[in-house]
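Participant: Show me how the following folds:
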Amino acid sequence: MSSAVVDPTFRDPAGSLVIEATRAVRTIRPEFQERVLEFLSSPFYRRAVDRGDMVSSVAEGGGAGDEGLRLIHPRVRIVTYPWEWTAFQWMAAAELTLRLCNEALADGWILKDATPLNVLFVGVRPVLVDVLSFDRRDPGSAVWLAYGQYVRTFLLPLLMRKMLRWPLELTSFKRDGYEPTELYAAMGWSKRLSRAALWPVTIPALLDRRKGADEAARKMPPARDPEVALHTLKRMLSGLRKRTEAAVPKSERSEWAEYTSTMSHYTAEQSQQKQAWIRSVLDEIHAATVLDVGANTGEFSAMAAESGAEVVALERDADAAERIAQMAAARKLNLQTIHADLARPTPAMGWENRESSALLSRLAHQFELVMMLAVIHHLLLLEQIPLRAILSLCHRLTTQWIIVEWIPATDPMFVSLMRGRDELYGSLHEGDLKDACEGLFKIEKRQVLGNGRILLLLNRLASTGSV
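Facilitator: The predicted model follows:
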């Protein structure tokens, strides 16, 4: 597979990055090579790699006559961006960033960049992937130069999600995070003076109005005793972690987050019948990689992970996605959560649309099995996506299998979503689904449930046919 993103870190003065099919290749500029090699040989970096907290690196070249030093990193299979994370994942990435910075201090290093864009997820685990983000620390300095960046890119988005209900997806338009002045303007006085917002929003916004505030902020404090400086830095990082934890919004109830406990179109017996059939299919096909579209409560994502698969759960409801991420972490499942909408997937963004790639290009042909359980009727009725187009997309996502749940037009959920458009959708039946599969999939298994819903295992055909 060709590179999806070329040089997504072109802003980094120390080097550039090219994503290849199975690896990421980082080229280091000559003036930074010595420091990078020193960091790679440090005990701190080796410990972080051994724990899985940082990406591993193999150095190549850098000698006389070489084009330059290159670092070879393993490619993270499914890349996600912060605007596709849940609040739980944001906190996990923030905790990793602060913990690594704190640990590095004792070895004489400090994190000079603190942005969620330097973190990727492997399953439930956040991994820091930018090895150029560390620099040698001045022992007498108690200043963390990345402090402001951390507050703008980690703390304030979470705080605004909690206080103003701003979706975390909005951060896709804020590469360097939120400025306190814009948040201050969006708040009333009760929120401005609240304990949560006073320190990170209100005070900086008021100071920004003073003449010369920028010049004063640039003045470096005098050198301190190394022990005092280290203690001050550690105390500051600890305080940031507490503030970040306090900024994480509490999970809220939503229609889809509570779907399993509130659904009325499945009896306990019918639900068990569905679970048993899907479990038998998972055991039979032994898919190594699974995408669960519209994962909802994550019940079947977890089932696939427990069968031994590497699973990605795609869910558009923020609260449902949050619960999946928390569940996967608590149960230590090989399950990665993506908060995104398949009908309105994340586009390519950044400079020339090349810094972050589109969601569908990152997911295409990455999964042996795609599950779409009780999803097709939502795409049909709410998004008005034709059946053929839905199956064509599934054909691009999977390398072999899909499981679909067909909802008959008489089903109460189908009727409620049809919203009076009976002439358009009221006559749809399973035969229409079979017609849409022509040239794309072959039906291998079929199970009719007690409530009339139909589960189908489809095998991908090599020829795509016409769309």
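Participant: Quick check: next helix or strand after the strand or helix carrying Gln272?
Facilitator: Secondary structure assigned from DSSP states H and E places Gln272 in helix 268-285. Scanning forward in sequence from helix 268-285 by DSSP H and E, the next helix or strand is strand 289-293.
Participant: what does that next one rub up against?
Facilitator: The contact list for strand 289-293, computed with CB atoms under 8 Å, 6 or more residues apart in numbering, reads 298, 300-301, 304-305, 309-314, 342, 363, 366-373, 375, 397-398. Using the backbone N, CA and C atoms, a C-beta is placed for each residue, glycine as well.
Participant: Averaged pLDDT, that strand. What do you get?
Facilitator: Mean per-residue pLDDT for strand 289-293: 98.
Participant: Check stretch 237-245 too.
Facilitator: Mean predicted confidence for stretch 237-245 is 96.
Participant: What average pLDDT does the helix holding Gln272 get?
Facilitator: 95.
Participant: Identify those among the contacts of strand 289-293 that sit within helices.
Facilitator: Those of the contacts of strand 289-293 mapping onto helices are 300-301, 304-305, 363, 397, per DSSP state H.
Participant: between the residues you listed, which is nearest Asp130?
Facilitator: The shortest approach to Asp130 among the ones in helices among the contacts of strand 289-293 belongs to Leu363, at 23.4 Å (CB to CB).
Participant: What sits closest to the closest one if chain neighbours are left out?
Facilitator: Among residues not flanking Leu363 along the chain, Leu397 sits closest, at 5.8 Å (CB to CB, 6 or more residues apart in numbering).
Participant: my guess is Thr232 contacts Ser238, does it?
Facilitator: No - contact between Thr232 and Ser238 fails when scored by CB atoms under 8 Å: they sit 10.9 Å apart.
Participant: of the two, who's got more company?
Facilitator: Legend: neighbour count by other CB atoms under 10 Å for Thr232 and Ser238, higher for Thr232 (16 against 12).
Participant: what's the more buried one in contact with, if anything?
Facilitator: Contacts for Thr232 (CB under 8 Å, 6+ apart) come out as 142, 224.
Participant: Okay, buried residues for the longest helix seen in the chain please.
Facilitator: When the chain is parsed with DSSP H, its longest helix is helix 226-247. Judged by neighbour count (16 or more other CB atoms under 10 Å), helix 226-247 contains these buried residues: 229-230, 232-233, 236-237, 240-241, 243-244, 247.
Participant: what about the stretch 51-200 of the chain, any weak spots by pLDDT?
Facilitator: 62-67 (pLDDT under 70).
Participant: Going along the chain, name the strands of it.
Facilitator: 58-60, 69-74, 109-111, 119-122, 125-128, 134-136 (DSSP state E, counting those that start in this stretch).
Participant: Which one of these lies nearest to Gln384?
Facilitator: Per CB to CB, nearest to Gln384 of the strands of the stretch 51-200 of the chain: strand 119-122, 32.5 Å.
Participant: Can you tell me the strand partners of that closest one and which way each runs?
Facilitator: When sheet partners are counted by DSSP bridges, strand 119-122 sits next to strand 125-128 (antiparallel).
Participant: ok, and what's touching the partner strand?
Facilitator: So strand 125-128 is contacted by 48, 52-55, 76, 89, 92-93, 96-97, 100, 118-121 (CB under 8 Å, 6+ apart).
Participant: Next up, the contacts around Ala348.
Facilitator: Counting by CB under 8 Å, 6+ apart, Ala348 makes contact with 354, 356-358, 361.
Participant: Now do the end-to-end distance for stretch 287-306.
Facilitator: Counting by CA to CA, to the nearest Å, you get 12 Å between the two ends of stretch 287-306.
Participant: one step back: burial of the residue nearest to Leu363, as a residue count?
Facilitator: Leu397, neighbours per other CB under 10 Å, totals 21.
Participant: Right, I'll call it a day here.
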